[in-house]
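Colleague: here you go, sequence then predicted model.
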Amino acid sequence: MKIKSLIRENEALVPVEVEINFTAGLPQIQFLGLPDQGIRESIHRIKSAIRAQGFEFPKAQQVLVNLRPNHLKKSSRGLELAVALGILWESEQLSKPADNVMVYGELGLLGEVYEPEDLATDFEPDENVPVWTGQSQNTVAVFDRRVMSCLQDVREPVVVTAVPRQYEVRRPESDLNLLFPQRQARLLEIIALGEHSVLLAGPAGSGKSTIARTLSALLAAPTQEDMHTISKNNRGGSEAPLRWRPVVHPHHSTTALGLIGGGVPPFKGEITRAHKGVMILDELLEFNVRAQESLREPMEESMIRIRRGRFVEEFPAESLMIATTNLCPCGDWVPKSKVVCGRSLKKCQSYMERLSGPLVDRFHITFFTQKREEGESVSGAEILAKLEASRIFRAKQSVVDKRFKKLSSRWNYEELVADLPSFYMKELFPKEISSRRRELATLRVARTLADLEQTEKLQPHHVETALKMTFEPVEALKRLGC
C-alpha cells in the first residue's frame, strides 16, 4: 500500500511516499527512512486511535512503514493519519480509495483527527491529487479537502471546497500624524516612493529613529501575494497576524548568523523576516563588523544563498534597509558642523573606522540629520497624499512603459540612461565618482525625483539633485577616513 503524505524540509512542506507492508512478527509499527523522534512517538497515538475507533490493529503482524525518499531525515506533524489509514486500507477494514490520495493529519488518542497548522500556509498541492485531512476551526485552504473529525469519518468525509486566500491589509495610521521639517519630509518622499536604502547619520535626538519608524507607513500597500509571503516568513511567533509590511528591528548585539540566517539545515535570518518590509539597523556602528559585512550581498542581490554541508537554501531578502548611526562617541558630530567634542581625535577616528566603505556604498542615499531644521513642518499624512498621487502616475505610465512596473530602485543601468543623451552622462557625473554603484544609485534616485514631479522622462536636473544625496555625503564620509 502506497500513500502520499508530507514532511517538513526546512521551511516548506514537501511530498513523501508512505509505503506500508505487513510481515509476520510482533504487533508493532516500525518506521524506516530516517524518521525523527516526533514520528517515532506517533506509533502509540496510531495504535490507540485505531482501537478507540472500533477497528483492529493487525494481530501477529509487524507493520513496516517505509518513508521515501529514504536518504532524507523526516520530520512531520501529519504522517500519523496517513499511516493509520494505510493500515486500515491494507488490512481491508476499509475500502481502498480508487485514486492516489494525499493524507495529512494529526491524531488524538481516541481517534480524533486534526489538521496541522502548517498545511494551509506551506503547501500548494497538485490539483489532481485529493487531499485528506482533519478538522480545523479556522483554516482557510486554497485547495479542496476531504475533512474528517475522527477515523470513522473516512467512510464519508466532508468535502470542503477551496477558498481564495484573503489577507487583511491595514496601513498603520499613528505615525502619519507626526510632523517633519521640509528637508526630512523630502527625504521621506524619495525613500518611500523608490524604496531606496538609506544611511541616516547625525546627532542624538535629530530624528533618525523617527524617520526610520515612519517610513513603513508611507510605503505602497502590499498585494495579497506579498502578504502571503510576509505571513510565511514571519510565522512561528506569538504575535498577531501582520496586516502591513513587517518592520524588523534587530538589536545591535545580533550576530551575522542571526541577521542573514544559517545553521544546519539553514534557517531564515532577520533580513528574510523583513522581506517586502523594512529592516532598521539602529546604531549601525555598534553592530559587530562581521554582522555588518554579511549584509553586503543581500543588499545588492535582494536574496541570500546559504550552503551548509549538503544543504543549500535560497532565502528572499528584498527589504528597505535603513541604518542609523552617530559618527562620534559624543553623538553630536556631523560633517561641516562645529561641535565641541570631549573625545580625542584618535578616539573619534577609531569609532569611524567601524564604518565599512563597501557597506556604505550599498546604501543608495546617505543623509546627515540636524538637531534644528528651519522651515515649515509637513505631516506624514500630507507626505502620503503626495506619494499616492505619484503612484497613480507610475501606474498609468506602466501601461505603455514596462519599466514603470518596477520600483525605480530596481531599474538597471540601461533602463535608466535610455532617457538621457549620451553626452549628458559625461557632463553630469563627477570624474572622481567613486564607483559604478554610486552612478547607478544616483540614476535610480533621480528617477524617483522624476516620479515625484510626475515627469515621464528623466532630466539632467533630477540627476544633479540626486548627486547631493548619493555622492556628496559619501565623499564627506571618505574624507573623514571611512
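Modeller: Arrived safely.

Colleague: rest of the way, CA atoms for contacts and neighbours
Modeller: OK.

Colleague: can I assume residue 81 is in contact with residue 103?
Modeller: Yes. Assessed by Cα atoms under 8 Å, residue 81 is found in contact with residue 103 at 6.7 Å.

Colleague: list residues touching both of those two?
Modeller: Common neighbours of residue 81 and residue 103, counting by Cα atoms under 8 Å, 6 or more residues apart in numbering, are residue 133.

Colleague: more crowded one of these two?
Modeller: Comparing residue 81 with residue 103 by other Cα atoms under 10 Å, the one with more neighbours is residue 81, at 30 against 27.

Colleague: can I take it that residue 307 is in a strand?
Modeller: Yes. Checked against DSSP: H, G, I helix; E, B strand; the rest coil, residue 307 lies within a strand.

Colleague: next, residue 83: phi, psi?
Modeller: Reported as degrees, to the nearest 10, the phi and psi values for residue 83 are phi -70, psi -40.

Colleague: quick one: residues contacting it.
Modeller: With contacts defined as Cα under 8 Å, 6+ apart, the neighbours of residue 83 are 18, 20, 46, 65.

Colleague: could I get these in CSV, plus columns for pLDDT?
Modeller: What follows is the contacts of residue 83, written out as CSV (pLDDT from 0 to 100):
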residue, pLDDT
18, 93
20, 93
46, 94
65, 93
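
Colleague: can I get the residues you listed in TSV including neighbour count, secondary structure and distance to residue 160?
Modeller: Formatted as TSV, the entries for these read as follows, by neighbours: other Cα atoms under 10 Å; DSSP: H, G, I helix; E, B strand; the rest coil; distance: Cα to Cα, whole Å:
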residue	neighbour count	secondary structure	distance to residue 160
18	25	strand	24
20	22	strand	28
46	26	helix	25
65	22	strand	29
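
Colleague: may I ask which two of these are separated the most?
Modeller: Across the contacts of residue 83, the longest distance by Cα to Cα is 14.6 Å; it joins 18 and 46.

Colleague: check what pLDDT the closest residue to residue 150 other than its chain neighbours gets.
Modeller: Distances taken as Cα to Cα, 6 or more residues apart in numbering place residue 112 nearest to residue 150, at 4.3 Å, with adjacent residues excluded. Confidence per residue is given as pLDDT, and for residue 112 that number is 92.

Colleague: if I look at residue 112, how far off is residue 145?
Modeller: Between residue 112 and residue 145 the distance is 17 Å, computed by Cα to Cα, to the nearest Å.

Colleague: again with residue 228
Modeller: If you measure residue 228 against residue 145 using Cα to Cα, the figure is 20 Å.

Colleague: got the phi and psi for the residue in the chain sticking out farthest from the centre?
Modeller: Within the chain, residue 60 marks the point farthest from the mean C-alpha position, 51.5 Å out by Cα atoms, centre = their mean. When quoted as degrees, to the nearest 10, the phi and psi of residue 60 stand at phi 50, psi 30.

Colleague: could you pull up the contacting residues of it?
Modeller: For residue 60, the residues meeting the contact criterion (Cα under 8 Å, 6+ apart) are 24-27.

Colleague: who wins for neighbours among those?
Modeller: With neighbours set by other Cα under 10 Å, the maximum within the contacts of residue 60 is found at residue 27, which has 16 neighbours.

Colleague: turn the contacts of residue 83 into TSV, columns for distance to residue 270.
Modeller: What follows is those, written out as TSV (distance: Cα to Cα, whole Å):
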residue	distance to residue 270
18	35
20	41
46	38
65	38
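
Colleague: just these now: which is nearest residue 265?
Modeller: Taking Cα to Cα as the measure, residue 18 is the one of those closest to residue 265, at 23.2 Å.

Colleague: bridge partners for residue 3, pull those for me.
Modeller: residue 18 (DSSP bridges).

Colleague: burial count for it?
Modeller: Number of residues near residue 3 (other Cα under 10 Å) recorded here: 18.

Colleague: do you know how far it is from residue 28?
Modeller: 19 Å.

Colleague: for residue 175, give me its contacts.
Modeller: 213-214, 217, 380.

Colleague: run the last query once more with 10 Å
Modeller: Neighbour list for residue 175: 210-211, 213-218, 379-381 [criterion: Cα atoms under 10 Å, 6 or more residues apart in numbering].

Colleague: okay if I get the residues you listed as CSV plus distance to residue 297, secondary structure and pLDDT?
Modeller: Compiled in CSV, the contacts of residue 175 are given as follows (distance: Cα to Cα, whole Å; DSSP: H, G, I helix; E, B strand; the rest coil; pLDDT from 0 to 100):
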residue, distance to residue 297, secondary structure, pLDDT
210, 27, helix, 90
211, 25, helix, 92
213, 24, helix, 90
214, 26, helix, 93
215, 23, helix, 94
216, 23, helix, 93
217, 27, helix, 94
218, 26, helix, 96
379, 35, strand, 92
380, 32, helix, 92
381, 35, helix, 94
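
Colleague: for these, pick the one with the most neighbours.
Modeller: In terms of neighbour count, residue 218 stands highest of the contacts of residue 175 at 25 neighbours, by other Cα under 10 Å.

Colleague: sketch out the low-pLDDT regions of the protein for me.
Modeller: Across the chain, the ranges flagged by pLDDT under 70 are 120-122, 125-128, 137-140, 236-240, 331-345, 349, 429-434, 480-482.

Colleague: give me the neighbour count for the closest residue to residue 94 other than its chain neighbours.
Modeller: Here the nearest residue to residue 94 in space, its sequence neighbours aside, is residue 88; by Cα to Cα, 6+ apart that works out to 5.7 Å. Residues within reach of residue 88, counting by other Cα under 10 Å, total 19.

Colleague: next, the contact list for residue 88, please.
Modeller: In this structure, residue 88 makes contact with 50, 55-58, 94-96, 151, judged by Cα under 10 Å, 6+ apart.

Colleague: no more questions from me, cheers.
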